[in-house]
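Chemist: Here is my input; please provide its structure:
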Amino acid sequence: MNVIQAYYILNMKILLKEKLPLLWSTALPVIFLFINGQYVQDTMFLNYFWAIIIFACYIFGVGLQAVRLREAGLLKTYFSMNPSRMLFFISLVLTQMTSAFISMVILNSIAALFFPVSFVEAMLYSTLLIFLALPVAFLSANLTMLHKSSYQTLSTVIAIIFFISLFTLTFEHMINYVNPLVYLSQILFMQGAFEYLVYVIGSALCIITGVYSLRNYRVNSIMRR
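Modeler: A predicted model of the protein is given here:
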């Protein structure tokens, strides 16, 4: 627990020092909230914007961050505390859960001020989604297996996917059948045994592949050799 706490404090210092990722994960959904403001009729419409925050935090803040730290040669600092990959990963997830929660508070506060939205209800559901979407953080760990791809390449590709998903999110379009933001936004609307089963199986696959990737997570980057 002390190791996780030390990792967490270090991660939060990095997050607060850089500021841009936290600002981006907050400002972007707020902007799209006002762009689509005419459609906001109740609290649950915010699920689309919660999905944006979670994607940004769990994909960019966990999987891509692990790739970035390795490429920058910073993992020696982390693993000088403890060589456990899992403890390192847990600390990244806790950091991004904190980041997501802060972004949710800001987004839900703004939504409650300008739209017919209950802040308390929004916080309850958005916090629940942060936990239900945890398998996505494990899924992002698979990015560390792409040893021959640089952080810049991976971040560019994922940013393109993210923005395409973002701009088609509220439209009736075939691309939404594979839109990760749509799937994230619909987690809170699961109904019936089949949908719950799909969620459980999908979550199990994300966790299993993520754990496998973490067990094979290399400290040294091929790109630096």
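
Chemist: Give the buried residues for the helix ranked longest in the chain.
Modeler: If you go by DSSP state H, the chain has its longest helix at helix 85-114. Neighbour counts over helix 85-114 (16 or more other CB atoms under 10 Å) mark 85, 87-108, 110-112 as buried. For every residue, glycine as well, the C-beta is placed using N, CA and C.

Chemist: which parts of the helix or strand just after it are buried?
Modeler: Counting by DSSP states H and E, the element after helix 85-114 in chain order, helix or strand, is helix 119-132. Within helix 119-132, the residues scored as buried using 16+ other CB under 10 Å are A122, M123, Y125, S126, T127, L129, I130, L132.

Chemist: just checking, what packs against helix 119-132?
Modeler: For helix 119-132, the packing partners by 3 or more CB pairs under 8 Å, 6 or more residues apart in numbering; DSSP states H and E come out as helix 47-55, helix 85-114.

Chemist: Can you add mean pLDDT and distance to G63 and give those back as JSON lines?
Modeler: Output for these, formatted as JSON lines (pLDDT from 0 to 100; distance: least, CB to CB, whole Å):
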{"stretch": "helix 47-55", "mean pLDDT": "94", "distance to G63": "11"}
{"stretch": "helix 85-114", "mean pLDDT": "94", "distance to G63": "9"}
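
Chemist: which stretch among those helices comes nearest T153?
Modeler: Using CB to CB as the measure, helix 47-55 is the one of the helices and strands packed on helix 119-132 that comes nearest T153, at 19.0 Å.

Chemist: Just checking, which helix or strand of the protein averages the lowest pLDDT?
Modeler: helix 75-79 (a mean of 72; mean pLDDT, DSSP states H and E).

Chemist: Pull up the gap between E71 and M97, please.
Modeler: Separation of E71 from M97 (CB to CB, to the nearest Å): 24 Å.

Chemist: Over to L87?
Modeler: Distance, L87 to M97, using CB to CB: 16 Å.

Chemist: What of Y196?
Modeler: 23 Å.

Chemist: and I201, which of the helices and strands packed on helix 119-132 is closest to it?
Modeler: Closest approach to I201 among the helices and strands packed on helix 119-132 is made by helix 47-55 (20.0 Å; CB to CB).

Chemist: Contacts for the closest one, please.
Modeler: Residues outside helix 47-55 that contact it (CB atoms under 8 Å, 6 or more residues apart in numbering) are 25-26, 28-30, 32-33, 36, 100, 103-104, 107, 111, 125-126, 129-130, 133, 136, 162, 165-166, 169-170, 180-182, 184-186, 188-189.

Chemist: Apply the buried test to these and list what passes.
Modeler: 25-26, 28-30, 32-33, 100, 103-104, 107, 111, 125-126, 129-130, 133, 136, 162, 165-166, 169-170, 180-182, 184-185, 188.

Chemist: got a pLDDT number for the most centrally placed residue in the chain?
Modeler: Nearest to the geometric centre of the chain sits Y58, at 1.9 Å (CA atoms, centre = their mean). Looking at Y58, its pLDDT reads 94.

Chemist: and it, how far is that from E172?
Modeler: Here the criterion is CB to CB. By it, Y58 lies 26 Å from E172.
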